[in-house]
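In: Build me a model from this:
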Amino acid sequence: MKKTKSRLSWGIAWILGIFWSVVALLPFVFMVLNSFKEKFELLTEGVFSIPKSFNLENYKTVLTGNFFRFFFNSVIVLVISLTILLFISACASYPLSRFKFRLAKPIYSLIVACMSIPIHITLIPVFKMSKDMGIYDSIWALIGPYVATAIPISVFILTSFMREIPKEIEEAAQIDGCGKYQMFFRIIFPLAKPGLATLAIYNGVNMWNEFSFAYTLTQSSANRTLPLAVWEFQGQYSMNTPMVMAVLTLTVIPMIILFIFAQDKLVKGMTAGAVKG
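Out: Sure thing, here's the model as predicted:
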């Protein structure tokens with residue numbers, strides 16, 4: 001009876017897994033296949049049909065345009081924003097998870113409550129602030145909003161992760177004369193790398209695909225990021241769907257490469273601290 005239930009459970013799990021894989025892969029297959037088609041081939045053939053000839057002109061047109069400018073803008077904003085975000089989140093999570101003081105719970109509750117604030121209601125205040133600071137229509141205007149909107153969820157996750165680090169490690173370090181700052185940079189911070197890697201991937205994908213702030217805080221083509229590049233190509237080639245598919249394919253490639261090389265760290269970060277020893 002138990003073997004039958006186990007086989008049934010595994011069978012259902014396999015069916016659901018295959019179904020979800022198909023659902024997740026179909027948009028990607030649609031995007032890649034149609035990126036190699038000619039302008040009107042998508043209209044005359046099926047959307048999932050194999051291209052008559054793998055046409056590379058769409059990719060040549062995209063790559064000879066402003067695509068690399070948009071790409072490097074996104075890379076600069078992503079690297080700087082993630083560096084600042086992870087450092088601030090780690091510095092905030094360490095005292096909230098390891099120290100006992102009167103305002104720990106109210107501060108932590110306030111940070112968690114900020115997760116419920118829709119980011120779109122901050123667009124107008126952030127826009128005015130950027131204009132007053134003189135950084136409007138520059139990639140530097142995006143870094144502050146990206147970091148600020150990602151701090152609540154990052155501190156929430158990282159605080160829970162740091163709470164699971166054994167306190168005996170800190171006690172042993174204190175006996176060896178390790179201070180609070182040395183404790184953080186030499187012990188807690190290295191041990192929190194799986195959690196930091198998870199946050200880097202999670203927030204990195206969000207920042208890479210962010211559109212609202214990028215559209216509101218930048219105006220010139222020289223300061224736009226990849227999501228706006230997709231929007232610009234869609235406007236420029238409104239009837240040329242394969243061209244838009246080529247832009248989308250080139251845009252998602254960096255994130256796919258990131259997941260391939262960092263998936264083990266992502267899994268470790270998600271499962272670490274899930275079971276108390």
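In: Tell me how many other residues surround residue 190.
Out: 9 (other Cβ atoms under 10 Å). Heads up, the C-betas are built off the backbone N, CA and C, glycines and all.
In: Would you quantify the distance from it to residue 182?
Out: For residue 190, the distance to residue 182 under the criterion Cβ to Cβ, to the nearest Å works out to 12 Å.
In: repeat for residue 198
Out: The gap separating residue 198 from residue 182 is 25 Å, by Cβ to Cβ.
In: the more surrounded of those two?
Out: When neighbours are counted by other Cβ under 10 Å, residue 198 and residue 182 differ, and residue 198 comes out ahead with 23 against 12.
In: Check this structure for its longest helix and report it.
Out: With DSSP state H applied, the helix covering the greatest number of residues in the chain is identified as helix 2-35.
In: Hmm, residue 150 and residue 203 touching each other?
Out: Yes: assessed by Cβ atoms under 8 Å, residue 203 is found in contact with residue 150 at 4.7 Å.
In: and for the two, which residues touch both?
Out: Residues touching both residue 203 and residue 150 (Cβ atoms under 8 Å, 6 or more residues apart in numbering) are residue 85.
In: if we can go back for a sec, tell me the average confidence for the longest helix of the chain?
Out: For helix 2-35, the mean per-residue pLDDT is 84.
In: in the helix or strand following it, what counts as buried?
Out: Under the assignment DSSP states H and E, the closest C-terminal helix or strand after helix 2-35 is helix 41-44. Buried residues in helix 41-44, defined by neighbour count with 16 or more other Cβ atoms under 10 Å: 41, 42.
In: now swap in stretch 50-61 and tell me
Out: The neighbour-count check on stretch 50-61 (16+ other Cβ under 10 Å) flags 51, 55, 58, 59, 61 as buried.
In: Now do the end-to-end distance for it.
Out: One end of stretch 50-61 to the other measures 21 Å (Cα to Cα, to the nearest Å).
In: correct me, but residue 98 touches residue 170?
Out: Yes: with contact taken as Cβ under 8 Å, residue 98 and residue 170 are classed as touching, separated by 7.1 Å.
In: what residues are shared contacts of these two?
Out: With the criterion set as Cβ under 8 Å, 6+ apart, the overlap between the contacts of residue 98 and residue 170 is residue 188.
In: just for the stretch 1-150 of the chain, where's the confidence low?
Out: Low-confidence segments of the stretch 1-150 of the chain, defined by pLDDT under 70, span residues 1-3, 5.
In: what ranges do the helices span in it?
Out: 2-35, 41-44, 57-63, 67-98, 104-113, 123-133, 140-163 (DSSP state H, counting those that start in this stretch).
In: and of these, who's closest to residue 262?
Out: Between residue 262 and the helices of the stretch 1-150 of the chain, the tightest spacing by Cβ to Cβ is seen for helix 67-98, at 12.5 Å.
In: Give me the angle between the closest one and helix 104-113.
Out: Compare the direction of helix 67-98 with that of helix 104-113 by axes from the mean of the first three to the mean of the last three Cα atoms, to 10 degrees and you get 150 degrees.
In: buried sites along helix 67-98?
Out: 67, 70-71, 73-74, 77-78, 80-82, 84-86, 88-90, 92-98.
In: Pick out the residue closest to the middle of the chain.
Out: residue 205 (2.1 Å; Cα atoms, centre = their mean).
In: where's that one relative to residue 19, distance?
Out: In this view, residue 205 and residue 19 are 23 Å apart by Cβ to Cβ.
In: Wait, residue 207 touches residue 80, no?
Out: No: taking contacts as Cβ under 8 Å, residue 207 lies outside contact range of residue 80: 10.2 Å.
In: Residue 162: what's its closest spatial neighbour, skipping adjacent residues?
Out: The shortest distance from residue 162 to any residue other than its chain neighbours is 3.8 Å, reached at residue 97 (Cβ to Cβ, 6 or more residues apart in numbering).
In: got the contact list for that neighbour?
Out: 158, 159, 160, 162, 163.
In: In CSV: the residues you listed, plus distance to residue 105, pLDDT and neighbour count.
Out: As requested, those are exported to CSV (distance: Cβ to Cβ, whole Å; pLDDT from 0 to 100; neighbours: other Cβ atoms under 10 Å):
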residue, distance to residue 105, pLDDT, neighbour count
158, 17, 91, 24
159, 11, 91, 22
160, 14, 87, 15
162, 16, 88, 21
163, 13, 87, 14
